[in-house]
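Q: sequence and computational prediction follow.
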Amino acid sequence: MAPALHVSGNRLVTGSNSTFRPLGVNRSGGEFGCVQGKEIFDGPTDQAAVDAMKEWKINTVRIPLNEECWLGTGNLPPTAPSAAAYQQAVKTYADLLMANGINVILDLHWTWGEYTGPGAGCPDVAATCQKPMPNARYTPTFWSEVATMFKGNGAVIFDLFNEPYPDAANNWSDATAAWTCLRDGGTCAGITYPVAGMQTLVNAVRATGATNVIMSGGLEWTNNLSRWLEFKPADPTGNLMASWHSYNFNGCVTTSCWDSTIGAVAAQVPVQTGEIGQNTCAHDYIDQVMAWADANKVGYTAWTWNPWGCSGGSVLIKDWNGTPTSTYGEGFKAHLLSQTPGDPGADTAAPTTPGTPTASEVTATSVTLSWAASTDNVGVTGYDVVRVTGGTETQVAGSASNRATVTGLSGSTAYTFAVYAKDAAGNRSTRSATVTVTTTGTPAGTCSVGYRLVGDWGSGFQSEITIRNTGAAAVSNWKLGFTFTNGQTINNMWGGTPTQTGGSVSVIPASYTDTITAGGSVTLGFIATRGATNTAPTTLTLSGRTCTTA
């Protein structure tokens, strides 16, 4: 049988207090089959289908559901099953999975409510696509009924709402208002129906007496957890965890973003990546996500266990026998088979201390460090490179091997570095000995940057930035830096990926802008919100070097 789970600190644990990390797949179908004239799960949910999952060492299956099919609201086509038939099908499938030792996440995927604003998936009132938020009309009742059915069974986790995007609904004009809408619901900008916030849904579940673990997501289709801790709903049982989604086309797609936002949440509560995937049929992106998640004790369920072919997006299998797709499914299966299912936290032995770093390839803005590798009883998964300033440490790089390049440094400056090793269970070694490196002098006049306002509509604007390499050698892996002084906030960028803290903005390149040839240039564009004034940045740097203004 699948173990009953509860939250303990930032861990999901079993009744014996062993750490449990949900690792598995999404089984799509329950959200759309009932409203599209198909079988409820659009495919088999029998023992043979479950056996195919077990061959992948799957310990958790996330099941997307449809609110109106569960409730039988009358807004459904004549071919739709009755509410009783739909509910029984969900329970039968969940029971079968749990009997086979597989935990279940019940995810509310499609809901009622007309929405035609930014990011809309359909114009329908009925539950035929992803809406920006749950609704006050049906969703609290849905969760009350689901909780009543599964209360007392701690092997079932409740994922309150698949992918909220109230920030898109208000046209990214007010992040605080969007986070408030997510938690409190009510009347939300850009959404015409009455909204049920996460707090209302937590209350609906707990009012039934159910103590099951609850997952609650963030903004931007659950990819943004930057203020999750500030706006999380209150749960009297303490059985609340964060839900995160990560695809290669999302906004937060780098380890630095994951460290600063997702890692901050994972340090306090369990985090489950309800969906991971990439739309290229490859697995290089999810490999990065899984490596980071393994090192930070974050669980993940990949999209999706359905034989739809690569044209359908992130598809894991070719057939219901579990034959993996090439190469997305193959990559995920291989990684899953390498993991310790259910209890990665049982490993408490830290890796040995890394060797003293040595420096090479020192420039004005970067240095490459290498060190003798650590060993571990299970296996070293990576290294954290830190800059040491007095008694303070700042992580400046991460690496899966015993070599890393630190960038963004200043010329003619002394820096002290050290290294930690870590394993999949989150154990960290003692710190290595330190090495002090002095960067070379800053060469002059090797870059110029042009900043141009393309359009301004009062509350927002579009600008482009052209970076020109005026040096004699190509520039790669660059990092652009500048500062807004009037509270401008970037919402969307092409040609690069921005990270913004207050007015300070740093940008790393997209794959197609990564290298700037000698004498060549690349152009980035972005859309941002603004206040009363919109002063252009005056100083722009490239990899720590101040550029001339074009």
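A: Structure's in. What do you need?
Q: use CA for all of it now, contacts and neighbours both
A: Will do.
Q: for residue 287, helix, strand, or coil?
A: helix (DSSP: H, G, I helix; E, B strand; the rest coil).
Q: if you tally nearby residues, what's the number for it?
A: By other C-alpha atoms under 10 Å, the residues close to residue 287 number 16.
Q: mind starting the numbering at 330 from now?
A: Okay, residue one is now 330; in that scheme the one you just asked about reads as residue 616.
Q: contacting residues around it?
A: 660-661, 664 (C-alpha atoms under 8 Å, 6 or more residues apart in numbering).
Q: tell me which of the residues you listed fall in helices.
A: 660-661, 664 (DSSP state H).
Q: can you pick the most crowded of these?
A: Of these, with other C-alpha under 10 Å as the count, residue 661 tops at 24 neighbours.
Q: for that one, which non-adjacent residue is spatially closest?
A: Excluding its sequence neighbours, the residue lying closest to residue 661 (C-alpha to C-alpha, 6 or more residues apart in numbering) is residue 612, at 7.1 Å.
Q: and for residue 481?
A: residue 539 (6.5 Å).
Q: related to what we said a few turns ago, how much space between the residue nearest to residue 661 and residue 576?
A: Distance from residue 612 to residue 576, counting by C-alpha to C-alpha, to the nearest Å: 11 Å.
Q: identify, from the contacts of residue 616, the entry nearest to residue 414.
A: Nearest to residue 414 among the contacts of residue 616: residue 661, at 33.5 Å, using C-alpha to C-alpha.
Q: what sits against the closest one?
A: Counting by C-alpha under 8 Å, 6+ apart, the residues that residue 661 touches are 612, 615-616, 645.
Q: also residue 730?
A: 702, 711-712.
Q: helix/strand/coil for it?
A: Once three-state DSSP is applied, residue 730 turns out coil.
Q: per-residue pLDDT, it?
A: Reading off the confidence values, residue 730 has pLDDT 90.
Q: mind listing the helices for the stretch 530-679 of the chain?
A: Secondary structure of the stretch 530-679 of the chain by DSSP state H, counting those that start in this stretch: the helices cover 557-560, 584-586, 592-595, 613-624, 657-666.
Q: now the ones you listed as CSV including distance to residue 346 and mean pLDDT?
A: Below are the helices of the stretch 530-679 of the chain laid out as CSV (distance: least, C-alpha to C-alpha, whole Å; pLDDT from 0 to 100):
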stretch, distance to residue 346, mean pLDDT
helix 557-560, 24, 96
helix 584-586, 30, 94
helix 592-595, 18, 94
helix 613-624, 19, 96
helix 657-666, 23, 96
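Q: those helices into JSON lines, with extra columns for distance to residue 782?
A: What follows is these, written out as JSON lines (distance: least, C-alpha to C-alpha, whole Å):
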{"stretch": "helix 557-560", "distance to residue 782": "33"}
{"stretch": "helix 584-586", "distance to residue 782": "27"}
{"stretch": "helix 592-595", "distance to residue 782": "35"}
{"stretch": "helix 613-624", "distance to residue 782": "33"}
{"stretch": "helix 657-666", "distance to residue 782": "40"}
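Q: residue 636 is nearest to which of those?
A: Per C-alpha to C-alpha, nearest to residue 636 of the helices of the stretch 530-679 of the chain: helix 657-666, 10.6 Å.
Q: how far does whichever helix or strand comes after the closest one sit from its chain's centre?
A: Going down the chain from helix 657-666, the next helix or strand is strand 687-689, by DSSP states H and E. Centre-to-centre, strand 687-689 and its host chain are 34 Å apart (C-alpha atoms, centre = their mean, to the nearest Å).
Q: what helices or strands is the longest helix seen in the chain leaning on?
A: Taking DSSP H as the assignment, the helix of the chain that covers the most residues is helix 412-428. Here helix 412-428 touches helix 396-400, strand 432-439, going by 3 or more C-alpha pairs under 8 Å, 6 or more residues apart in numbering; DSSP states H and E.
Q: mind listing what's buried along the helix or strand following the longest one?
A: When you say that, I think you mean strand 432-439. Next along the chain after strand 432-439, taking DSSP H and E as the criterion, comes helix 468-479. By 16 or more other C-alpha atoms under 10 Å, the buried positions in helix 468-479 come out as 468-477, 479.
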